[in-house]
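Asks: With the input below, show me the fold.
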Amino acid sequence: MVIIKVSLFSIELPFKSYVFYSLLFILSATIPIKMSKNNYIILLVIILFNFIGINEISSAESSSNSAQNEISKIFLKFENGMNTGAVKEFSLFFDTETYISLENGVSSYFSKNQSYYVLKEFLSNYKPIRFKFIRISDSEDQPFAVGQFTYSLNGMRSTSQVFVSLKRNGTAWKISQITIN
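Replies: Numbering: from 1, shown residues only. From the prediction side, this is the model:
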């Protein structure tokens, strides 16, 4: 028979597993468990696999959070650029070909460089007053955002709906579509 006793040690664990291992520590420290050598080995294998599973889940969660942070960053840059009329704020995120459809009738696929100048020209005529995303979906499948664009055109104030979608190009997220109507 083998008696398991837990000594005090420090392990850095993901928050979700902290409660589980604290409970395990308290139970094993207060109640000595008697078991056969085979059961002891089985318990160690279970604990080992549990640690491996937690590490895989943690790395998957962190890569997912990283992608969502990158997506949120792009939408924030777009929002800031649209508010100030500065296309350069978000032009770094244009895909090699970006579909743009604008209220002034322009609608086509444009290269990165063309996209920059098409939107710069649009924002010089449709002067931004306010832009705000009202819905952002930062899922890794098809991230998109929908916003309200308030602008001044020939002294008249108007509002349009804006749709922006992203797609993964290699390892980076890029703006694949911008619709303002």
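
Asks: separation between Leu92 and Asn181?
Replies: In this view, Leu92 and Asn181 are 25 Å apart by CB to CB, to the nearest Å. For glycine as for every other residue, the C-beta is placed from the backbone atoms N, C-alpha and C.

Asks: now Ser91
Replies: Ser91 sits 21 Å away from Asn181 when distances are taken as CB to CB.

Asks: With Thr98 instead?
Replies: In this structure, Thr98 and Asn181 are separated by 16 Å, where distance is defined by CB to CB.

Asks: In terms of packing, which of those two has more residues around it?
Replies: Residue environment comparison for Thr98 versus Asn181 gives the larger neighbour count to Thr98, 26 against 12, counting by other CB atoms under 10 Å.

Asks: which SSE is the residue nearest to the more buried one when sequence neighbours are not counted in?
Replies: Spatial nearest neighbour of Thr98, excluding adjacent residues (CB to CB, 6 or more residues apart in numbering): Ser115 at 4.6 Å. With the criterion set as DSSP states H and E, the secondary-structure element containing Ser115 is helix 112-125.

Asks: ditto for Ile178
Replies: Element membership for Ile178 (DSSP H and E) is strand 172-180.

Asks: likewise Gly81?
Replies: helix 37-84.

Asks: Could you please name the strands the longest strand anywhere in the chain pairs with and the direction of each pair?
Replies: Of all segments of type strand in the chain, defined using DSSP state E, the longest is strand 156-169. Its sheet considered, strand 156-169 pairs with strand 144-153 (antiparallel), strand 172-180 (antiparallel) by DSSP bridges.
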